[in-house]
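Participant: From the sequence below, what's the structure:
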Amino acid sequence: MRGPRYRIELADLAAHRFRVTLTLPEPAAEQQFSLPVWIPGSYLVREFAKHLSRMTARQGSRELPVEQLDKASWRVRCGGRAALTLSYEVYAFDASVRTAWLDSQRAFFNASSLCLRAHGREQGAHRIELAGVPKGWHVATEATPATGGFEATDYDELLDHPFEIGPHWTGEFEAAGVPHRVVVAGAWPSFDGERLLADVRRICEAQIALWGGAPFKRYSFLLWAVDDGHGGLEHRASTALICARRELPTSAEPATPGDAYVRLLGLFSHEYFHAWNVKRLRPAEFAAFDYQRENYTELLWFFEGFTSYYDELMLCRAGLVDAPRYVKLLAQTVNGVLAAPGRRVQPLAQASFEAWTKYYRPDENSPNATSNYYGQGALVALCLDLSLRLRRSSLDALMTRLWASTDGGSVSEPAVLGAVEALGGAELAGQLHQWVHGTDELPLRDLLQAHGVGWRDEGRQTVAQRLGLRVREAALTGIHVTHVLAGGAAEAGGVNARDEILGCEGWRLRRLDDVPALLAPGQTRLRLLVNRDQRLLELALELPPAQAAAVALAPAPGAHAVRRRWLGA
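Facilitator: Residues are numbered from 1 along each chain as shown. Sure, this is the predicted structure:
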């Protein structure tokens, strides 16, 4: 039986509207359709159906009523087996990698935002045909080309091939004999595409070498450069990326990449690693996706956290950053995790499960109540890797063992723990279980020092850090409290998120770090004047002594061989 066919027209660039015509041969008597409410890889119900409008249905010459069943489902009662045609419009103006975009400069879409699922017809060929593509625009996707369009083997595959359409820049290379393509939209004229191709190729070759081969025949990086943005979404043979233009390499980029460019290379590395870890190796709960509701797993610490560990590590192994710079990048992750009290409240397994309501919907209390399965999960991966290396194994061996034992398929937590036990013993498997289900501190310092990385405290805390505050501070707009950290002096003194700090000890305050200058020698008790919902309040706080502001990591002398085995560089 022939599957659904989608004609996607770039109908109105100025109004940001696609027009979609879905033709379904031999529909059911009561044919149901639905649009996903989320997209795999981004764990939030995003309600894509809110952008659909003007839906009509026809069967032959007869117009049929469309009955809406819920927020993202519809039903059409058909007469006979003649093809059913649905037509509708989709508003597309979301500047992200998760949905759809259309304007006079480019078009982009994930099929999960545009293509209704025909219930009962998810298997079999699904076809996309494009219309209204402006002259001079090009289409980039890893969907299989077919006469007049593109084809997917089923609905799942249809949703796993984003489309980038426009007058974009394209470059190609081979990594380990596999063709790769980089597509960049929105780049400055000074963009150095050849530099990006050469550096991304090194990342790809290092990752293919780690896994022992590529699980795809071709791969595309679809990058949109904007004024401000950063992120990505993985797919089976491609990734959609967004970055700030300042992150792109230019003709002025030094031989040693700058921080902004390293951040971009880390994004490429992260999403590419997902082609193995989450697109093939995947949570057992994700063996079959339910696109109409949340899909829960406790394993995001493994699939996102371990990928976050490898993204910068692969930059080092590819020779794009050296060992001293890599451990400085690692220190940023350490400091980010240590700055959030929530790591002592929410175990990583729970953070994974609750991503749908907590990680993707942060508020002023999030640092106090949640852990970050990306950053903290990366530190679990680090601890596990260094612990395995003390036992003559490695995290590389664990990942490739899981890949081989599942044939690149579903993974459960017992399978991960069993592989750890096989490589490092039952005690280490028990430690890993405690690291992700408990809230004790990780043994970072001891493990790093055992592998030739020195740990020291550096710098002095700002006044905001001493008080346990996060603030938004500007000369014209003042000092606004964004977060009050649990257990800090500000919380004890009654400061609230959203307070505006106006003064201290009777003086107008424009910078929080000016507070010490307003105190007498030896004075630690202070009075803050705050504006809270148009009311002026005076709060009494105790200013704690300044402590070290951050952890600094650096290679220790005389441990080059140990680090070389770990970092591969």
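Participant: Identify the residues contacting the helix of greatest length in the chain?
Facilitator: For the chain, the helix with the greatest residue count under DSSP state H is helix 193-211. Identification of contacts with helix 193-211 by CB atoms under 8 Å, 6 or more residues apart in numbering yields 169, 171-176, 178, 180, 182, 184, 187, 214, 219, 221, 248-249, 253, 257, 265, 268-269, 272-273, 276, 310, 314-315, 317-320, 396, 399-400, 403, 568. C-betas here are computed from N, CA, C, even on glycine.
Participant: Could I get the average pLDDT for it?
Facilitator: The average pLDDT for helix 193-211 rounds to 98.
Participant: wait, isn't Trp74 in contact with Gln32?
Facilitator: Yes - look at Trp74 against Gln32 with CB atoms under 8 Å: they come within range, at 7.1 Å.
Participant: Looking at the two, which is more packed in?
Facilitator: With neighbours defined as other CB atoms under 10 Å, Trp74 and Gln32 compare such that Trp74 has more, 21 against 17.
Participant: Just the CA trace of the helix or strand hosting the more buried one, in PDB.
Facilitator: If you go by DSSP states H and E, Trp74 is part of strand 73-77. Extracted in PDB, the C-alpha atoms of strand 73-77 (Å, rounded to 0.1, in the frame of the first residue of the first chain):
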ATOM      1  CA  SER A  73      -5.300  15.100  16.700                       C
ATOM      2  CA  TRP A  74      -7.900  15.200  14.000                       C
ATOM      3  CA  ARG A  75     -10.300  12.700  12.300                       C
ATOM      4  CA  VAL A  76     -11.800  12.600   8.900                       C
ATOM      5  CA  ARG A  77     -14.700  10.300   8.100                       C
END
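Participant: Pairing partners for it, with directions?
Facilitator: Neighbouring strands of strand 73-77 in its sheet, by DSSP bridges, are strand 30-34 (antiparallel), strand 66-70 (antiparallel).
Participant: Only the buried residues of that strand, if you could.
Facilitator: Buried residues in strand 73-77, defined by neighbour count with 16 or more other CB atoms under 10 Å: Ser73, Trp74, Arg75, Val76.
Participant: The third one contacts Leu64, doesn't it?
Facilitator: What it means is Arg75. No - the pair Arg75 / Leu64 is not scored as a contact, 10.3 Å apart, by CB under 8 Å.
Participant: Could you name the helices and strands sitting against the helix or strand bottoming out on mean pLDDT in the chain?
Facilitator: Ranking every helix and strand in the chain by mean pLDDT, DSSP states H and E puts helix 560-567 at the bottom, with a mean of 76. Helices and strands touching helix 560-567, as assessed by 3 or more CB pairs under 8 Å, 6 or more residues apart in numbering; DSSP states H and E, comprise helix 306-317, helix 323-338, helix 375-389.
Participant: most neighbours per residue, which of these?
Facilitator: helix 306-317 (a mean of 25; mean count of other CB atoms under 10 Å).
Participant: Alpha carbons of that one, as CSV, please.
Facilitator: The C-alpha trace of helix 306-317 is given here as CSV (Å, rounded to 0.1, in the frame of the first residue of the first chain):
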residue,chain,number,x,y,z
PHE,A,306,28.5,11.2,28.6
THR,A,307,28.2,12.9,25.2
SER,A,308,29.0,16.2,27.0
TYR,A,309,32.2,14.6,28.4
TYR,A,310,33.3,13.4,25.0
ASP,A,311,32.6,16.5,23.1
GLU,A,312,35.6,18.5,24.4
LEU,A,313,37.7,15.4,25.0
MET,A,314,37.5,14.7,21.3
LEU,A,315,38.8,18.2,20.5
CYS,A,316,41.9,17.3,22.5
ARG,A,317,42.3,13.9,20.8
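Participant: Give the other helices and strands that that helix contacts.
Facilitator: By 3+ CB pairs under 8 Å, 6+ apart, helix 306-317 packs against helix 193-211, helix 259-273, helix 323-338, helix 375-389, helix 395-406, helix 560-567.
Participant: what's the angle from the longest one to helix 395-406?
Facilitator: Comparing the axes of helix 193-211 and helix 395-406 via axes from the mean of the first three to the mean of the last three CA atoms, to 10 degrees yields an angle of 70 degrees.
Participant: List the buried residues in helix 193-211.
Facilitator: For helix 193-211, using 16+ other CB under 10 Å, the buried residues are 195-197, 199-208, 210-211.
Participant: cool, and stretch 461-481?
Facilitator: By neighbour count on 16+ other CB under 10 Å, the buried set for stretch 461-481 is 462-471, 473, 478-479, 481.
Participant: ditto for stretch 64-80
Facilitator: Leu64, Ala72, Ser73, Trp74, Arg75, Val76, Cys78.
Participant: Which members of those residues are the farthest-apart pair?
Facilitator: Ala72 and Cys78 (20.5 Å; CB to CB).
Participant: Can you tell me the SS state at Asp363?
Facilitator: Using DSSP: H, G, I helix; E, B strand; the rest coil, the structure places Asp363 in coil.
Participant: how many other residues sit next to the closest residue to Glu247 other than its chain neighbours?
Facilitator: The spatially closest residue to Glu247, leaving aside those adjacent along the chain, is Leu264, at 4.0 Å (CB to CB, 6 or more residues apart in numbering). Other residues within reach of Leu264, judged by other CB under 10 Å, total 23.
Participant: picking that back up, export the helices and strands packed on helix 306-317 to JSON lines and tack on distance to Asp514?
Facilitator: Listed next are these as JSON lines, based on distance: least, CB to CB, whole Å:
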{"stretch": "helix 193-211", "distance to Asp514": "43"}
{"stretch": "helix 259-273", "distance to Asp514": "29"}
{"stretch": "helix 323-338", "distance to Asp514": "24"}
{"stretch": "helix 375-389", "distance to Asp514": "31"}
{"stretch": "helix 395-406", "distance to Asp514": "46"}
{"stretch": "helix 560-567", "distance to Asp514": "43"}
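Participant: PyMOL command for the buried members of the contacts of helix 193-211?
Facilitator: A single PyMOL command is used to select the members of these judged buried by 16+ other CB under 10 Å:
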select buried, resi 169+171+173+175+178+180+182+184+187+214+219+221+248+249+253+257+265+268+269+272+273+276+310+314+315+317+318+320+396+399+403+568
